[in-house]
Structures are given as structure tokens and as C-alpha cells.
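J.: Build me a model:
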Amino acid sequence: MENAIQGSHFPARHWRRLDDGRIQCDVCPRRCKLHDGQRGLCFVRACADGGMVLTTYGRSSGFCVDPIEKKPLNHFLPGTPILSFGTAGCNLTCKFCQNWDISKAREIDRLNDAADPDTIARAAVQLGCRSVAFTYNDPVIFLEYAVDVAKACHARGLKTVAVTAGYVEGAARAEFFAHMDAANVDLKAFTEQFYHTLCGGHLEAVKETLAYLRHQTAVWVEITTLLIPGENDSAAEIDALSRWVAEALGPDVPLHFSAFHPDWKMTDLPNTPPATLTRARAVAMGNGLRYVYTGNVHDPAGGGTYCHGCGALLIGRDWYELSTWALTPEGGCAACGTPVAGVFESRPGTWGRQRRPVRLGR
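T.: You can find the predicted model right below:
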């Protein structure tokens, strides 16, 4: 907990007053209990004047137009540009965080890009984007801002994408995802020990979010697991994780195995060998998953989307560049007609691998 509340004081939701005078944040399973002037572990939700406030509403750590495949989403509007932004802070404490300069930020003043929701939506349209992503740090902690941006986006015909660890409580989860069209959820590992020791969280809460999204919403869902050498890359764990995805969520949920590089507080480990990702992909597909990908490595085979009916290459990818498109206008295999799970347009986008930082103003 931290004192000296600075930044904007936007009224926050999902909290309750306790008998001892503190308030409890109910956005995530941490349920931080705060006295006036204190911040939660996420650093951006705080107690001020006896209520909960969001201190980062309308302020971002930066905006960038990315390929949607970078989120990563391979089955949602392929080839299209997406306007990405985040704020500061996080409700997990992952020692391997690869966006630590944003998610671990403790300086609200580093948020130099100010933009209200309609400014963001208007800019996304002007920049030719088909969607807006809440990313870089976990958007559930800036729920009120994200929801308002999502409403503005939908009013202008844009889709919305959440890149999240899925560590969120039930009521907040329902409100947040009611305004999202797609999500990539980090399933960081498949043991409680990993979550407890390396993330400061709990696995079951993330599994609940994934099951909720898959079975109780229309949100398109993809999953990413960063494979860390010696921590969550054993054959047994990959087998258990992929079996659970196939059985609990279904064979059509895309699963991305991504390569770790040393960062934040885990600089003593090596990069993930490409062979580990290839092995993990084979295990997951052997367990019945139809769409399994490798990430953070150059692997055209592991980046391709294949028909589960006839095996034809449907979408070829070289990094974020689409090299093959063999889908019918209805989203089926051009060779045999087998439907392909996802959200596709009749033609793919042509954004490619471009990454364009942008500045927005009020």
C-alpha cells in the first residue's frame, strides 16, 4: 500500500465499505483493503475521501498502431491494424514481466499521453484501425476508463480487444467483458506454485475467467502461455494445460506458446529454445487443439493456420506478414469447405508488420 494519492480522481466502481472504516476493492481477487490515502497493489486504484478512485483515467503510457497478430490474435480480423494503449500499474507481480517499465510503474507522472474516450475512438478511425486494444498493462485495473473507451469505439463501429491476465473478480469481470469483442488471456502456467511464487496470484481465478469467457459470453478468446525454461515448460505441464483447454474450453480456442527472454527480475535464465515451442505445439495439437501457434520466434510453420479437416494451409504468416490466404468469404477452408473458428472478413487486411507510435491530444 502507498500513500500520497496523486493523479486524477475518477470515481471507481466495484468496492465496498468495511466495518473497520477501510474500503475493499472488489475488482480482482486481491481484494485490497485500504485506509484513506492508500493505494492498492496495482497502484492505480486508491482510497480518497472515503471512496475508491481510479488515478489514471484519461492518461496513457503511450499509443501505437500495431498488427493485430501482435496481441497476439490470429483468428480475429487478420491483417488489420489495431490502436494499442495502456496506462500504468498491474495487479500481478510477475517476476518475468516483459512490459515491466509500464506494468511496474510507480510514477503516475510518466503518463504523458492524455486522451478522453472519444478522442481515442476518433483517432483510431482516422488512423485506419479496425479495433482498439487495451494492453501493455492489464486493463482490468483501469476498468472504468477501458469501458468508457470501449463504448466510444463501438459508437464509431470499432471493435475492442483486451490483452489481460484474466485476474479479475466476478462482477467486475462481467462488466468489463460486456464491452469487449475479443481477448487474449495470459494463462501463465498450469500450477498453483508458479502463480503463487512468480506472479503473486492464483491459477483458479484465471481458469474461471477463461471458462466464463468461453461459455457465458460472445467474446472471441485466444490464449497465450509464455514458456520459461525450467519453470513451466515441462512435458507434463504442457500436456496438462493443453488437455484442460481442449476439454474445458473446446478444441477451437487458439493457443499461443511464446518464447521467454530474460527480463525484469528473471535475467538469469536463458531464452526459450525454439525446439521447446515446437514440442509444446505438437503436444497441444495431439491433445485435440486445432489451432496452436508459436510466438516470439521466426517459425512460419508454427505461425500458420491450417484446416483441421484436410490439413491445407489457410493463413500463412511470416512474423506479422500474411503470406497466404485460403479462406472462403464465409470463413471456411477454400479447399474442402470446413468452417474455421474465428472472426474473419471476406478479405484480410494488409497492414503487415508495421508498428507506428502515435501521440494523441485532447
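J.: Spatially central, which residue of the protein would that be?
T.: For the chain, Val163 is the residue whose C-alpha lies nearest the centre (Cα atoms, centre = their mean; 1.5 Å).
J.: Give the buried residues for the strand or helix carrying that residue.
T.: Using DSSP states H and E, Val163 sits in strand 159-164. The neighbour-count check on strand 159-164 (16 or more other Cβ atoms under 10 Å) flags 159-164 as buried. In this view, the C-beta of every residue, glycine as well, is placed from N, C-alpha and C.
J.: What is it packed up against?
T.: Packing partners of strand 159-164 (3 or more Cβ pairs under 8 Å, 6 or more residues apart in numbering; DSSP states H and E): strand 131-134, helix 143-155, strand 182-186.
J.: Would you mind finding the most buried of those?
T.: strand 131-134 (a mean of 26; mean count of other Cβ atoms under 10 Å).
J.: How far away from the center of its chain is that strand?
T.: 10 Å (Cα atoms, centre = their mean, to the nearest Å).
J.: Repeat that for stretch 213-221.
T.: Distance of stretch 213-221 from its chain centroid, counting by Cα atoms, centre = their mean, is 14 Å.
J.: Now do it: everything it contacts.
T.: 73, 75-76, 166, 177-178, 180-185, 210, 248-250, 253, 342-343 (Cβ atoms under 8 Å, 6 or more residues apart in numbering).
J.: cool, stretch 238-251 as well?
T.: Here stretch 238-251 makes contact (Cβ under 8 Å, 6+ apart) with 187, 189-190, 207, 210-211, 214, 221, 223, 225, 227, 253, 255, 257, 279-280, 283-284, 287-290, 292, 308.
J.: Between its first and last residues, how far does stretch 78-95 reach?
T.: 32 Å (Cα to Cα, to the nearest Å).
J.: Give the buried residues for it.
T.: 78-92, 94.
J.: ditto for stretch 165-183
T.: 165-169, 172-173, 175-177, 179-183.
J.: now stretch 340-356
T.: 340-342, 344, 348-349, 351.
J.: Closest to Ala115 out of those?
T.: Closest approach to Ala115 among the buried residues of stretch 340-356 (Cβ to Cβ): Trp351, at 21.7 Å.
J.: bridging residues for the nearest residue to the closest one once chain neighbours are set aside?
T.: Closest residue to Trp351 apart from its sequence neighbours, by Cβ to Cβ, 6 or more residues apart in numbering: Pro81 at 4.2 Å. Residues in a beta bridge with Pro81, per DSSP bridges, are Pro67.
J.: Next, give phi and psi for Val283.
T.: phi -60, psi -50 (degrees, to the nearest 10).
J.: Much appreciated, bye for now.
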